[in-house]
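S.K.: I'd like to go over a predicted model; first the sequence, then the structure.
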Amino acid sequence: MKHIYAFEKLEQYESFQHQIEGFSKRLHDYEKILKEQYALSSTPKGVVWTSEELATTTFSQIPLPAFTNKNLIYMSPDIEAWRKLFIQQLEDQELPHIHRFYENYSENHLFVILAHELTHHSDLFFDEFDDEREDSIWFEEGMCFYLPRKLLLNEKEFEQITAIEAELVEVFKEKYGQHSLDEFGSSSYKGSLTSIIYDYWRSYLAVKYLVEDWANGEIHQVFNAYHQWYDNGRKIPLTQYFGLRSTY
């Protein structure tokens with residue numbers, strides 16, 4: 001993959017250069033794992049490294065400064081901007097321990113977001129980037145977080161982010177959780193920042209449950225069931241197919 005730099009000022013690139021170089025090397029290593037174990041047969045043409053502002057106003061209108069399409073991954077390496085974004089998603093809730101976590105959001109967690117975008121390119125997922133991406137996008141989005149978190153975070157980091165997102169799902173359930181997870185799709189990005197991220201939290205938790213409880217840790221068993229659902233014509237919602245409870 002090529003690495004393309006889209007900053008308005010040279011000083012911006014220079015301030016992130018060291019981090020970008022480190023992330024690029026780590027992404028290459030993660031790419032090898034996906035190719036060997038998770039059916040990554042073709043990679044995007046490149047990563048466009050850019051600012052939060054350009055990512056969310058020029059390259060897209062999505063309020064998240066990381067996204068992928070068929071050919072390119074767009075990623076802001078600005079960890080301070082990410083920290084502010086994640087604190088903003090708390091909507092002034094009195095959650096001091098979660099606030100502290102996001103104030104100190106680590107580069108390791110930020111790299112997982114980049115790895116998440118690359119994971120979307122695995123052939124284990126069926127929806128194409130130009131599709132409407134309805135009715136099973138929760139599975140892909142959840143798996144694209146679960147897989148790099150499981151592979152790249154240490155046990156403490158993994159348990160901490162899981163506990164935080166599980167708590168946030170409970171905090172915002174009444175406000176944002178009144179729809180089926182199967183409705184997570186293109187229309188989901190029309191809501192508030194927190195309403196968008198809410199479905200990412202519960203998608204990740206649903207996939208974590210499927211892998212670790214439903215399939216006793218056999219991740220490819222989960223993919224096999226997902227493929228069977230697809231091959232049989234998607235006749236029922238994927239949450240129903242997996243027997244997920246309504247909280248998801």
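M.R.: Here it is on my side, so go on. Computed from a prediction, not measured in an experiment: that's the story for all the values here. Residues are numbered from 1 along each chain as shown.
S.K.: My read is that Tyr5 contacts Ser51, right?
M.R.: No - if you go by C-beta atoms under 8 Å, Tyr5 and Ser51 don't touch, sitting 10.5 Å apart. No exception for glycine: its C-beta is placed from N, CA and C like everyone else's.
S.K.: more crowded one of these two?
M.R.: Set Tyr5 next to Ser51 and count neighbours by other C-beta atoms under 10 Å: Ser51 wins out with 22 against 14.
S.K.: and that one, what does it touch?
M.R.: Applying C-beta atoms under 8 Å, 6 or more residues apart in numbering to Ser51 gives the contacts 6-8, 12, 65, 76, 78, 81.
S.K.: same thing but at 7 Å, please
M.R.: Ser51 makes contact with 7, 12, 76, 78, according to C-beta atoms under 7 Å, 6 or more residues apart in numbering.
S.K.: Phe67: which element?
M.R.: In this structure, Phe67 sits in strand 66-68 according to DSSP states H and E.
S.K.: Please work out the average pLDDT along stretch 29-49.
M.R.: Averaged across stretch 29-49, pLDDT comes to 97.
S.K.: ditto for stretch 207-223
M.R.: Rounded mean pLDDT across stretch 207-223 is 97.
S.K.: what secondary structure does the spatially closest residue to Thr119 that is not a sequence neighbour sit in?
M.R.: Distance criterion C-beta to C-beta, 6 or more residues apart in numbering; nearest residue to Thr119, sequence neighbours excluded, is Cys144 at 4.2 Å. Under the three-state scheme (DSSP: H, G, I helix; E, B strand; the rest coil), Cys144 adopts helix.
S.K.: Just to check, Cys144 is in contact with Ser122?
M.R.: No - the criterion here is C-beta atoms under 7 Å, and Cys144 misses it with Ser122 at 8.3 Å.
S.K.: gap between Arg234 and Gln221?
M.R.: From Arg234 over to Gln221 the distance is 19 Å, taken as C-beta to C-beta, to the nearest Å.
S.K.: now do Gln12
M.R.: According to C-beta to C-beta, Gln12 and Gln221 sit 45 Å apart.
S.K.: So for the two, which residue has more residues nearby?
M.R.: Per other C-beta under 10 Å, whichever of Gln12 and Gln221 has more neighbours is Gln12, with 18 against 14.
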